[in-house]
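Participant: structure for the following, please:
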Amino acid sequence: MSVTDSHKSHKAILHYIHDPMCSWCWAFQPVWKTLKQALPRSIEIHNSLGGLAADTTEPMSLELQQKLQSIWRHIQQKVPQTEFNFDFWHLNQPRRSTYPSCRAVIAARNQGLEYEETMILAIQQAYYLKAQNPSDNNTLVSLANEIGLNASEFERQLKQPETEQQLKQELAFNQSIQATSFPSLVLEYKGVFHDIPIDYRHIDSMLNSILEVLKCPAS
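Facilitator: Numbering: from 1, shown residues only. Here you go, the predicted structure:
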């Protein structure tokens, strides 16, 4: 996928397109962590939020709840180390809405880049392990407090138009590079975007694909 000359650069940027409430992103998280540690230091990593499901106050239909539970079970077959707490489905009133958790990542990032990954993981663990609902702002504010953010500032940021605008910009960027599935890895190098096929079990094929584009050894 090519881009305009204004975006061309010799800098290598690995774009990680994800959603904090995407179950496949949760399954990818351990391998993604390992891959980041193995990448050449010259590669910049940029997270871009996927916005899997827009805001809604409507309860999730029983049919969709059953479909998502089926996806969780499928993931456990494909990526056996992935844990899910199925208590979520009877302890909460699920809504098909991931935008709040996406805005939470932006609000955390605004208090320091070091909080971005911490908030992503906190949301994933709350959702998939602790049976908490990250579609609810009160859950997200509680997580912000737990990871050491200024919770009142975080709550204010969640509701700011600038936060929503940033999310829209990231969604537009994902579309511009044709990254429509989550998770996705796209390597930007010399003005060209290269899709890196996802492997949920091992880093080797992904790392080799990246190094093949760069034509350089791993550091």
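Participant: tell me which other helices or strands the host helix or strand of W24 touches.
Facilitator: Following DSSP states H and E, one finds W24 within helix 23-38. For helix 23-38, the packing partners by 3 or more Cβ pairs under 8 Å, 6 or more residues apart in numbering; DSSP states H and E come out as helix 62-78, helix 114-128, helix 204-214. C-beta: built from backbone N, CA, C; applies to glycine.
Participant: is it possible to get a markdown table of these that adds distance to W24?
Facilitator: Output for the helices and strands packed on helix 23-38, formatted as a markdown table (distance: least, Cβ to Cβ, whole Å):
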| stretch | distance to W24 |
| --- | --- |
| helix 62-78 | 7 |
| helix 114-128 | 11 |
| helix 204-214 | 15 |
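Participant: for V31, find the nearest of those.
Facilitator: Of all the helices and strands packed on helix 23-38, it is helix 204-214 that lies closest to V31, at 8.1 Å by Cβ to Cβ.
Participant: got the angle for the closest one vs helix 23-38?
Facilitator: Counting by axes from the mean of the first three to the mean of the last three Cα atoms, to 10 degrees, helix 204-214 lies at 60 degrees to helix 23-38.
Participant: contacts for helix 204-214?
Facilitator: Helix 204-214 is contacted by residues 12, 14, 35, 38-40, 43, 185, 187, 189, 194, 196-199, 217-218 when judged by Cβ atoms under 8 Å, 6 or more residues apart in numbering.
Participant: filter the residues you listed down to the ones in strands?
Facilitator: 14, 185, 187, 189, 194, 196 (DSSP state E).
Participant: tell me what the fourth one is bridged to.
Facilitator: When bridges are assigned using DSSP bridges, the partners listed for Y189 are V192.
Participant: where in this structure is pLDDT low?
Facilitator: 1-9, 216-219 (pLDDT under 70).
Participant: mind redoing it with 90?
Facilitator: Across the chain, the ranges flagged by pLDDT under 90 are 1-11, 180, 215-219.
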